[in-house]
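J.: no sequence for this one, just the structure:
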């Protein structure tokens, strides 16, 4: 894994750790409400769903960090592809900006892996 690919994969992992924190611990707090453009009422009703989604983001981050720690290109490609698919689905089903925030960094990391 090239240094650029290494940094980009770690960046994507850190983004997903951030999503984990926002969705599992800050969903009903001002930071979570602001990031996800949510109301306190809707956040209270969807809190458990968000925590579940946050857990999945943690799994993605763990897989990416494992790929970096072991130098496994295959793991990195698999988990980055999962991130791209999740970002594409989120952009289609929720908000187009999800593609930019989630899928674009993963696509950049995939490109760096392809040229490494």
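T.: Received, thanks. These figures come from a predicted structure and were not determined experimentally.

J.: for the chain, what's the longest helix?
T.: Counting by DSSP state H, the longest helix found in the chain is helix 40-70.

J.: tell me the mean pLDDT for it?
T.: For helix 40-70, mean pLDDT is 97.

J.: flag every buried residue along whichever helix or strand comes after that helix.
T.: Using DSSP states H and E, the next helix or strand after helix 40-70 towards the C-terminus is helix 73-93. By neighbour count on 16 or more other C-beta atoms under 10 Å, the buried set for helix 73-93 is 75-77, 79-80, 82-84, 86-87, 90-91. From N, CA and C alone the C-beta is placed, and that goes for glycine too.

J.: residue most distant from the centroid, the chain?
T.: Using C-alpha atoms, centre = their mean, the residue of the chain lying farthest from its centre is residue 41. It sits 25.0 Å away.

J.: separation between the closest residue to residue 39 other than its chain neighbours and residue 24?
T.: Nearest non-adjacent residue to residue 39, counting by C-beta to C-beta, 6 or more residues apart in numbering: residue 33, 7.3 Å away. Here the criterion is C-beta to C-beta, to the nearest Å. By it, residue 33 lies 15 Å from residue 24.
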